[in-house]
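Colleague: coords please:
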Amino acid sequence: MLPASIQITGELLSAAEVQDICESLKEDGVRLLSVRGCQLSDRDFGRVCRGVAASASLAQLNLNLGVVSSINRTRQLADALSCNRSLQTLFLHGSPLLDAGLVTLNPALSSHPTLLSLDLGDCMLGDEALRLICGLLPPDGAKSGLRELTLSANPGISSRGWARLSVAVSHSSQLRVLNLDYNPLGDQIAGMLAVSVASSRTLEVLDLEGTGLSNQSAQVFLDMVQNYPTSLRVLVLSENSISTELQQQISDLLSEGEDDEEAAPPQPGPAPSSSLRPIRDKYQPIRDKYQSPTWLPHSNSSPQMVLLTSGVGESLLAETEM
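Modeller: Numbers count the residues shown, from 1 in each chain. Got it, this is the predicted structure:
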C-alpha cells in the first residue's frame with residue numbers, strides 16, 4: 001500500500017481526527033500531511049508532533065497559517081524534527097516564530113539529514129533568524145543544504161541581513177529556488193542579489209515580486225543575463241516599478257537559455273531527483289493574502305501524479321510523484 005496524503009485546511013480538528021492522523025503517521029501511511037490554517041489544542045498538536053517524529057514515510061509537512069502559534073509548539077516541532085529522518089519539505093508560512101522561534105528550531109533544521117525545502121514566509125523574522133538561515137545554505141564542498149528557501153514578507157530583516165543572505169546564496173552548492181517576494185528590498189539589495197545570481201551555479205528561480213524595485217534593478221539583471229552565463233531560468237519582477245518592456249526582455253533572454261539547454265545533448269550522471277515539489281502559500285498584500293494550492297483528482301489504485309503551482313507563477317509548474 002502506497003503512503004497517502006492528508007490535506008485539511010481551516011478546520012477545527014477534533015481529538016478523534018488527530019488520533020487518526022497520528023496512527024497513520026506511526027504506521028508510515030502518510031507521505032504528505034497538510035493541516036494549514038487548522039485549529040487544534042496544544043495537547044493534540046503535541047500528539048501530531050510525536051507522530052511526525054515516529055514517521056519514516058513523511059516527506060512533506062504543511063503547518064502554514066498559524067498552526068505553530070507559540071514558542072511551546074515551536075519546541076515540540078523542534079523535538080519532532082530532531083527524531084524524524086524522512087522529511088524533505090517543511091512549510092511554516094504565516095507562523096509567528098520571531099527570531100526566538102528560529103533559535104529554537106535551528107539545531108533540528110541544521111542537522112536534519114533530508115530537508116530540502118523550507119518556507120518561512122511571513123514569520124516575523126529579523127536579522128538573527130536570517131543569520132541562522134544562512135547556515136542552512138552551506139558553501140561548496142560542505143554538507144548538502146536547502147534546495148528551495150522561501151522568506152516572503154519578513155519586513156523586519158534589515159539591509160545588513162539581506163546582504164548576508166546574498167553572500168550565502170553566492171556560495172551555496174544546492175539552492176535552486178529563492179522566494180523573497182514582498183520584502184522591502186529596494187535597488188541596492190537587488191544589485192547584491194544580481195551578483196549572487198551571477199556567482200551561483202545552481203539558482204534557477206528568484207522571486208522578487210513586490211520588493212520595491214525600479215528600472216535600475218531590472219537593467220542590472222538584464223545586463224547580467226545578456227553578458228554572463230547563469231543558471232537562472234525564472235525571475236519574477238511583477239508589482240515593481242519596472243517597465244513591461246524591460247521585464248519582457250529579461251524573460252525572453254531567460255527563455256532562450258532554456259531552449260539552448262533543452263537542445264544540448266544529455267550529460268552523463270544520475271537523473272534529477274523526483275522528490276516532492278512544494279506547494280507555497282503566496283503572500284498577497286492587496287488581493288487575497290494567500291493562494292491555495294491546486295490539486296488534480298487522482299486515483300488511489302496507482303502512484304499519483306499531482307500537478308501544482310509552486311507559487312512563483314504559472315510559468316513554474318511541476319509534476320509530483322506521491
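
Colleague: thought residue 124 was touching residue 102?
Modeller: No. Using Cβ atoms under 8 Å, residue 124 is not in contact with residue 102; the gap is 10.2 Å. Quick note: C-beta positions are derived from backbone N, CA and C, even for glycine.

Colleague: which one of these two has more residues nearby?
Modeller: Set residue 124 next to residue 102 and count neighbours by other Cβ atoms under 10 Å: residue 102 wins out with 22 against 17.

Colleague: so the more buried one is in which element?
Modeller: Using DSSP states H and E, residue 102 falls within helix 98-111.

Colleague: Listing partners with orientation, what would you give for whichever helix or strand comes after that helix?
Modeller: Counting by DSSP H and E, the element after helix 98-111 in chain order, helix or strand, is strand 117-119. With DSSP bridges as the test, strand 117-119 is paired with strand 89-91 (parallel), strand 148-150 (parallel).

Colleague: for the last one, what is the average pLDDT?
Modeller: Strand 148-150 shows an average pLDDT of 97 in the prediction.

Colleague: Next, report how far that strand is displaced from the centre of its chain.
Modeller: 3 Å (Cα atoms, centre = their mean, to the nearest Å).

Colleague: With stretch 156-176 instead?
Modeller: 15 Å.

Colleague: Report the buried residues of that stretch.
Modeller: 157, 161-162, 164-176 (16 or more other Cβ atoms under 10 Å).

Colleague: Pick out the lowest-pLDDT one from those.
Modeller: Among these, residue 173 has the lowest pLDDT, at 82.

Colleague: thinking that residue is in contact with residue 147, fair?
Modeller: No. Judged on Cβ under 8 Å, residue 173 makes no contact with residue 147 at a distance of 10.2 Å.

Colleague: can you pull the contacts of the residue nearest to residue 54 when sequence neighbours are not counted?
Modeller: Excluding the flanking residues, the one nearest residue 54 by Cβ to Cβ, 6 or more residues apart in numbering is residue 26, at 4.8 Å. By Cβ atoms under 8 Å, 6 or more residues apart in numbering, the residues touching residue 26 are 51, 54, 55.

Colleague: if we go to 10 Å?
Modeller: 50, 51, 52, 53, 54, 55, 56 (Cβ atoms under 10 Å, 6 or more residues apart in numbering).

Colleague: Can you select the buried ones among the residues you listed for me in PyMOL?
Modeller: Of these, the buried ones can be selected in PyMOL as follows, counting by 16+ other Cβ under 10 Å:
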select buried, resi 50+51+52+53+54+55
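
Colleague: any idea which of the contacts of residue 26 is closest to residue 96?
Modeller: Distance to residue 96, by Cβ to Cβ, is smallest for residue 52 among these, at 20.2 Å.

Colleague: these two touch, right, the closest one and residue 33?
Modeller: Yes. Using Cβ atoms under 10 Å, residue 52 makes contact with residue 33 at a distance of 7.6 Å.

Colleague: Tell me, please, where in the protein the pLDDT is lower than the cut-off.
Modeller: Applying pLDDT under 70 to the chain flags residues 1-2, 140-143, 257-322.

Colleague: quick one on the thing from earlier: find residues that contact each of residue 52 and residue 33.
Modeller: With Cβ under 10 Å, 6+ apart, residue 52 and residue 33 have common neighbours 21, 25, 58, 61, 63, 87.
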